[in-house]
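**Q** next one to model:
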Amino acid sequence: MILEDTPPTIPDFIKAQLQRLIDHLELDTSILIQDVGSIRKIFNQIKDDLPSYLKEIIQPAAFLEGNGPKFFNALSRLAAREAQKNSAAIEGQCVQEILSLKKIVNLLKESSTEINKDLAALNEERTQLLALLKTVEDAIKQKEEALSQIPASLADQKKNMATLKAKLDTIKQDKKAKIPELAKEDQQQIAKVDNIRLSPLNSIKYALNM
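**A** This next block holds a predicted model:
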């Protein structure tokens, strides 16, 4: 819209209502678009007394919520694209943690085998060395306690690894998901909706010599 060189004379009571519109239109679009009832009420009260150019440019803002689905869908798609950018780092971290857990599981399995061998040797030594029975039994007890803790620890590590694998699968699926439309188109849509708010705001300020 091309504004006139000199703003038309506007009655004071209309100026007061336009000032109220400014207060609403200066809200962020994401907030304003959810409830424009106040703007529409003010507009309906003064529309017949407004200069035609102001009436034409304010009217779309009075019905801004009609653009809500397009606006918020565009915001959601932009957020989803940003999340996809960050998913690569999370994926790499999950892979490293899974590899570390695999090493721990292997070490636990190896420890279990070694402890079983030690336990068998100690049992044989107990039979052969009755004089050292107490010392051998103490060693056996220690080894048995260590062995008893391995199954629970092994189960916990396997559970953690399964959780991380599931998280990794989810990340991979999210990365493959295609987001409709392009980021540039979404940005253009957001700017278009936002301009519905900014155009009347600037025009009103101009009309009020602000």
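**Q** confidence score at the residue in the chain sticking out farthest from the centre?
**A** Distance from the C-alpha centroid of the chain, by Cα atoms, centre = their mean, peaks at A131 (68.5 Å). pLDDT recorded at A131 is 77.
**Q** go on, S199?
**A** pLDDT, read off for S199, is 90.
**Q** what about the chain, any weak spots by pLDDT?
**A** Low-confidence segments of the chain, defined by pLDDT under 70: 1-8, 132, 177-181.
**Q** now K102: closest residue in space that isn't a chain neighbour?
**A** Nearest residue to K102 in three dimensions, chain neighbours excluded: M161, at 7.1 Å (Cβ to Cβ, 6 or more residues apart in numbering). (C-beta placed from N, C-alpha, C; glycine too.)
**Q** any idea how far that neighbour is from S203?
**A** As for M161, its distance to S203 is 62 Å (criterion: Cβ to Cβ, to the nearest Å).
**Q** and A146, which helix or strand is it part of?
**A** A146 belongs to helix 133-176 when assigned by DSSP states H and E.
**Q** by contact count, what packs against that helix?
**A** helix 68-128 (3 or more Cβ pairs under 8 Å, 6 or more residues apart in numbering; DSSP states H and E).
**Q** tell me the angle of the helix it packs on relative to helix 133-176?
**A** 160 degrees (axes from the mean of the first three to the mean of the last three Cα atoms, to 10 degrees).
**Q** buried residues of stretch 46-53, list them for me.
**A** I46, L50, P51, Y53 (16 or more other Cβ atoms under 10 Å).
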